[in-house]
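Trainee: After the sequence you'll find the predicted model.
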Amino acid sequence: MAPTDAQQVCFELGIKFGSLYHQFAGTPISPASAANLAAAIESAIENQPHCRDVTVEMKTAAIREAVDPGVGYTEFTGEFADVEIVVAYEGIEATAVMEMDDGYPRMRLVSVA
């Protein structure tokens, strides 16, 4: 049985979030470089098929607190950004977010329409 268009659009969201997290987790980040990393993440994920919009909001205060003063940076993890991705496939649009949930960066489907 072939997946429905709604299932396919949700699958595409999963691909985008998997790519985002596994490509960028561990990237050196500081408050000064946070905006540049956010722009790079948005650009990279928006290049993928069916992606309509990506918004990455860095939590610079949390990044600042996590920076190791001896080296001047920390490593990017999901705790340092709120992310929203919108994907469109065959007339169906889906939105998902990544945000902290009980200390874990959880990816959650928000809507499918």
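Mentor: On my side now, so go ahead. Quick caveat, the model's predicted, so the values are computed rather than measured. Numbers count the residues shown, from 1 in each chain.
Trainee: Find the nearest non-adjacent residue to residue 64, please.
Mentor: Leaving out its chain neighbours, the residue that sits closest to residue 64 by Cβ to Cβ, 6 or more residues apart in numbering is residue 31, at 4.8 Å. Glycine gets a C-beta too; all of them are placed from N, C-alpha and C.
Trainee: Can you tell me the SS state at that neighbour?
Mentor: Secondary structure, DSSP: H, G, I helix; E, B strand; the rest coil: residue 31 is coil.
Trainee: for residue 43, same thing?
Mentor: Applying three-state DSSP: residue 43 is helix.
Trainee: how close does it sit to residue 56?
Mentor: Separation of residue 43 from residue 56 (Cβ to Cβ, to the nearest Å): 10 Å.
Trainee: ok, the two, which is more surrounded?
Mentor: For residue 43 versus residue 56, neighbours defined as other Cβ atoms under 10 Å are more numerous around residue 56 (23 against 11).
Trainee: For that one, grab phi and psi.
Mentor: Here is the backbone geometry of residue 56 (degrees, to the nearest 10): phi -120, psi 120.
Trainee: That one touches residue 83, doesn't it?
Mentor: Yes: contact criterion Cβ atoms under 8 Å: residue 56 and residue 83 qualify, at 5.2 Å.
Trainee: Find residues that contact each of the two.
Mentor: Residues touching both residue 56 and residue 83 (Cβ atoms under 8 Å, 6 or more residues apart in numbering): residue 41.
Trainee: Let me see the contact set for the residue nearest to residue 64.
Mentor: 60, 63, 64, 67.
Trainee: For the second one, pull up the helix or strand it's in.
Mentor: Under the assignment given by DSSP states H and E, the secondary-structure element containing residue 63 is helix 60-66.
Trainee: From the chain's centroid, how far away is that helix?
Mentor: Distance of helix 60-66 from the chain centroid (Cα atoms, centre = their mean, to the nearest Å) equals 18 Å.
Trainee: can you give me the mean pLDDT across the helix or strand following it?
Mentor: Beyond helix 60-66 on the C-terminal side, the first helix or strand identified by DSSP H and E is strand 74-75. In this model, strand 74-75 carries a mean pLDDT of 98.
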